[in-house]
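Sequence plus predicted model, see below.
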Amino acid sequence: MTSLEREVANYMVATGDQSAEAIQAADQVVKTINATSIQDNLLRLIQSMGEYLTNEDDFVRAKGIHCHQASITAPAVSVLVDFYCERLSENTNVSNLMDGLVALTEFDKFSAANAVVVTKKLFEHVEVQRFPQVTRNTTFRVFENLLDRHVAALKTINDEFVSGFTHAVDGEKDPRNLMCAFKLIRTIIEKFDISTYVEDLFEVTFCYFPITFKPPPDDPYGITSDDLKSSLRQCIAATSHFAKFAVPLIMEKLSSTSGSAKKDSMETLEACAPVYGATSLIPHIDDIFDALKVEVFHATDQTLEDTSLATIKSVVAALATGVSNASGDPTEKALKPLITECVANLKDPELKNSKPSSLILRAIASASDPAFHYAAEPVIPMMLRFHRETDLATRKKAILDVILEYLEASRTLYGSAENDLDAMEQDFISPLVDYKDRFFAMFESALLASNEYNGLRLAGLNGLRLMVLVKNYLSPNEVGIAIQSFNKVLMNEQDEELRAAALNALCTISKFNGKFIVEQTIPALIKQLPDTATQQSTIGYHQTLYTLRMLSPEPLIFKSTVSVLIKKFDDVCEKDTDVAYPHAILATLLEILKSKAESGHKDIGSYIDIFNSTLVTKAIEASLDSKRSQTILSERILETIALILINVFHELDSTSQKTHLDRAFNLFIHGDLSALKISSSTPFVPLETSSSDAQKSTTYLFSAIVNTCRKEVTYPVESLENFIDRLVNLALGTNHHGQLTSLVRIVGSLINKWKDNASMTAYVQKASGQLEALITKRDTNSASALCIYLWITKALIMRAHPKGYAFTDNIIGWCNDPSFNGQAPQGFDILISDDSLALNKLSYCTMTILYKQRFFSHCLPKLVNGFRTSNTDVKHNYLIALSYLLKNVPKQILLNELPPVSIKD
């Protein structure tokens, strides 16, 4: 080993590249290089670094490059450049030389002068397309480095570079290399003056159009046909210099019988039109429109039709860039034949060509303000006249459908009320403003004509919806009238299609204009809800609640909805003993909260006080006074209130959670009712064995708060061990199922979030021994003890604690005992299922990655073996446990873990 190789090795084994050892080793490398012949030493350095610079490990390769750069000065780089360039004429060495040039061109000390030298020598000596794919790809990487770092220097040899690169890329066929080449072509078009070599550059680019590449089934590179098409399309659309060559050739491809080539041609024309401009398009405009309209009038493929319409819009928008001359506006002249044909087709709106004609006119109108005027002026007055002259419902619908397309175009071009992006300047006003009153009357009349068929009514509804959505089209009063029409549908119509359309319209409006929804729709819906489940109404309460659920997530609307829904819930509880209806009201509130959470709304946590002062307060008042309605204390309703509290409490920060947790302890542990402003001669002691069943049932609410605390929130207890002991003893002694399930969830949550692992392990060890003794004793407390044991086991499994798996083995062993009456195998549903009230993502629990997979792998062989070796009378226990195991693990785990099934004849 030479001294240089030794110093390189010292650097590579040193820690990092900034440690004292690494810096010292790098300095020694530099001194060794400069000691004698620099050129010879540089070559030795490259040889000694070879294995590191080409290493597959990114860290090793990066460190090798750093050493290389730290060791080489600017003069040394120039020496290496000259050395590499002198040998480029030796074809057998080009592949290795290109690897070296990739590294050199990434050096900070690689200068602009070096870039020019390398570029010229590459063009002079290397026939790129004569080499294998790997070498060609490396050459393109050299060009990429040069363009990324030294484009200013390369522009000093502009013509030479453009010409040389054009020659280098000519004939390339490999998809990987083409992706690189297309990227480089776009950079050259953007950065260089290509005017001298436009045709050459165009030919080496357009020759690939249309792309017909299909990746092999086992393609390891992940390059798709769409990737290549998109990249090539960006090249063709990169400069208007290509227009005179590209447009005629694209037109040829448009007549292709291949759907893929036709679609590619239309998408390319769509991308090119804004760049090429009116001057390049107008000479071909009749042919362009003839080719595109065929795909609309004789549509056999929805994708081709949509692409054709998008291309028409793009071309028409480009025409607006043309300059008017003595012969008139070029846009009007270019569009006149196509518009005339479409207008002729619309003279009988019920015929088959009416719909495609209206779609084409919509595409035209969406493109520019002048185009909208040209497309609307001959059509809208004609449609209004036709509508006035007919009483035939089907003809009226066809007329309204045409007008709907113009409203869609107006929304696209002049702005949507729900989104200001891409709207035209406010100086432009939609030509449809002049027809607003007529449109409104037509659409409203169609919608409210209950004796007409649904097609016409839906057209009327969609018309009003679009009029509301077009920016600044209707006055606030007119918007309110439109919303009233939608409300009437929801209040009175039983047809699901009409109701869905009206609800969709209101949901869209609610996102940008909730004022009218709050003032009109919500009160009307609440008023429509019956007082009891048995009260007859046109629209069932399920439908009305669903409508409220869909409309209410927006913050402004929810603020109004939450209070009136709670008020309705209270009223129903007083009048109706059936749990289903009041439960449905609370379930609606819960679903709204979930929807708000999915949308990322930040106002959810602010409702904690409202729910405490209403739902929680009402539940506790009912538990203290049996004369009050006890409906709210049903298990279904209390569980839903708990879920509401969980969803709201989850959104609070640690400080707010701590405040409300302390209040919950004061209320449920100490019986302090003052925070809820409840006065009662009956003490509130839900966690005492002597308390009433009504009070015990409210433990659901205490559990919801305790279980959803963030891990950093501290519990207001002197000893966590003593508090859990109290809960365990209470769970063992209670005869109330709801209280038992609430208490065991609290125990599981506290153990799962216990920060001190050592003290938690010690406590679990002690508690488990006591519980196991009770479980195996098989007396009246055994079932409760096993329930507690299961939740402790679940808490430990989720945090990957070894005790969790030890306890699981005990539970598997109890499956072999017939005296457990199936409780042990059914416990696997608790162990592995996702519980909605505790130990889930909303509860901030400790949940290790892939805990279900580890649990599955641990249990599966033991349960299978238990089934095989057990007596007949308990075999079903293992099957029950397996069924819960299979039901609650992700499908992918089953595919990975279960053996394949072999089917033999």
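In hand now; what should we look at? Numbering: from 1, shown residues only.

check contacts around residue 143.
Going by CB atoms under 8 Å, 6 or more residues apart in numbering, residue 143 touches 165, 168, 184. Quick note: C-beta positions are derived from backbone N, CA and C, even for glycine.

Output the helix or strand hosting the first one as PDB - backbone C-alpha positions only.
Taking DSSP states H and E as the criterion, residue 165 maps to helix 158-169. Once non-C-alpha atoms are left out, helix 158-169 reads as follows in PDB (Å, rounded to 0.1, in the frame of the first residue of the first chain):
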ATOM      1  CA  ASN A 158     -24.100  29.100 -28.100                       C
ATOM      2  CA  ASP A 159     -24.300  27.800 -31.700                       C
ATOM      3  CA  GLU A 160     -21.600  25.200 -31.100                       C
ATOM      4  CA  PHE A 161     -23.300  23.800 -28.100                       C
ATOM      5  CA  VAL A 162     -26.800  23.700 -29.600                       C
ATOM      6  CA  SER A 163     -25.500  22.000 -32.800                       C
ATOM      7  CA  GLY A 164     -23.300  19.600 -30.900                       C
ATOM      8  CA  PHE A 165     -26.000  18.600 -28.500                       C
ATOM      9  CA  THR A 166     -28.500  18.100 -31.300                       C
ATOM     10  CA  HIS A 167     -26.100  15.700 -33.000                       C
ATOM     11  CA  ALA A 168     -25.400  13.900 -29.600                       C
ATOM     12  CA  VAL A 169     -29.100  13.200 -29.000                       C
END
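
Heading C-terminal from that helix, find the next helix or strand.
Scanning forward in sequence from helix 158-169 by DSSP H and E, the next helix or strand is helix 175-191.

other SSEs contacting that next one?
Here helix 175-191 touches helix 133-154, helix 158-169, helix 198-206, helix 225-236, going by 3 or more CB pairs under 8 Å, 6 or more residues apart in numbering; DSSP states H and E.

and the third one, which residues are buried?
In this case it means helix 198-206. 198, 201-202, 204-206 (16 or more other CB atoms under 10 Å).

Which residue ranges of this protein form strands?
With DSSP state E as the criterion, the chain has no strands.

May I ask which helix or strand of it has the lowest mean pLDDT?
helix 58-71 (a mean of 58; mean pLDDT, DSSP states H and E).

What does the pLDDT read for the nearest residue to residue 532 once chain neighbours are set aside?
Excluding the flanking residues, the one nearest residue 532 by CB to CB, 6 or more residues apart in numbering is residue 576, at 4.2 Å. At residue 576, the model reports a pLDDT of 81.

Kindly report the same for residue 424.
pLDDT at residue 424 comes out at 53.

Return the distance of residue 883 relative to residue 891.
15 Å (CB to CB, to the nearest Å).

contacting residues for the residue lying closest to residue 669 once chain neighbours are set aside?
In this structure, residue 669 finds its nearest non-sequential neighbour in residue 687, 6.5 Å apart by CB to CB, 6+ apart. Neighbour list for residue 687: 668-669, 699, 702, 726, 730 [criterion: CB under 8 Å, 6+ apart].

repeat for residue 518
556-557, 560.

Residue 273 now?
281, 311, 314-315, 317-318.

Turn these into JSON lines, including pLDDT and neighbour count.
Converted to JSON lines, the contacts of residue 273 look like this (pLDDT from 0 to 100; neighbours: other CB atoms under 10 Å):
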{"residue": "281", "pLDDT": "94", "neighbour count": "23"}
{"residue": "311", "pLDDT": "97", "neighbour count": "27"}
{"residue": "314", "pLDDT": "96", "neighbour count": "19"}
{"residue": "315", "pLDDT": "96", "neighbour count": "27"}
{"residue": "317", "pLDDT": "94", "neighbour count": "21"}
{"residue": "318", "pLDDT": "94", "neighbour count": "25"}
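
Which single one of those residues is nearest to residue 818?
If you rank the contacts of residue 273 by distance to residue 818 using CB to CB, residue 311 comes first, at 74.5 Å.

For residue 196, give its distance to residue 617.
For residue 196, the distance to residue 617 - CB to CB - is 84 Å.

which of these two has more neighbours?
Using other CB atoms under 10 Å as the criterion, residue 196 and residue 617 rank with residue 617 on top: 16 against 12.

how close does the closest residue to that one other than its chain neighbours sit to residue 113?
The shortest distance from residue 617 to any non-neighbouring residue, by CB to CB, 6+ apart, is to residue 676 (4.7 Å). Noted for residue 676: a distance of 82 Å to residue 113, by CB to CB.

More neighbours: the two, which one.
Applying other CB under 10 Å to residue 676 and residue 113 shows that residue 676 carries more neighbours, namely 17 against 12.

follow-up on the earlier one: and which of the contacts of residue 273 is nearest residue 369?
With CB to CB as the yardstick, the closest approach to residue 369 among these comes from residue 317, at 10.5 Å.

give the contact list for the closest one.
By CB under 8 Å, 6+ apart, the contact set of residue 317 is 273-274, 367-368, 371.

Please repeat the previous calculation with a cut-off of 7 Å.
Listed by CB atoms under 7 Å, 6 or more residues apart in numbering, the contact set of residue 317 reads 274, 367-368.

most surrounded residue in the contacts of residue 143?
Most neighbours among the contacts of residue 143, by other CB under 10 Å: residue 165, with 26 neighbours.

which residues touch that one?
Residue 165 touches 143, 188, counting by CB under 7 Å, 6+ apart.

What pLDDT does the model give it?
Residue 165 is given a pLDDT of 95.

From residue 206, how far out is it?
16 Å.

ditto for residue 771
78 Å.

Residue 353 now?
35 Å.

Next up, the contacts around residue 529.
541, 544, 568.

Give me the neighbour count for residue 874.
Other residues close to residue 874 by other CB under 10 Å number 18.

what's the answer for residue 854, then?
Residues near residue 854, counting by other CB under 10 Å: 16.

Now, the contacts of residue 273 that are in helices?
Using DSSP state H, the members of these that fall within helices are 281, 311, 314-315, 317-318.

Correct me if wrong: residue 837 contacts residue 746.
No: look at residue 837 against residue 746 with CB atoms under 7 Å: they stay out of range, at 10.1 Å.
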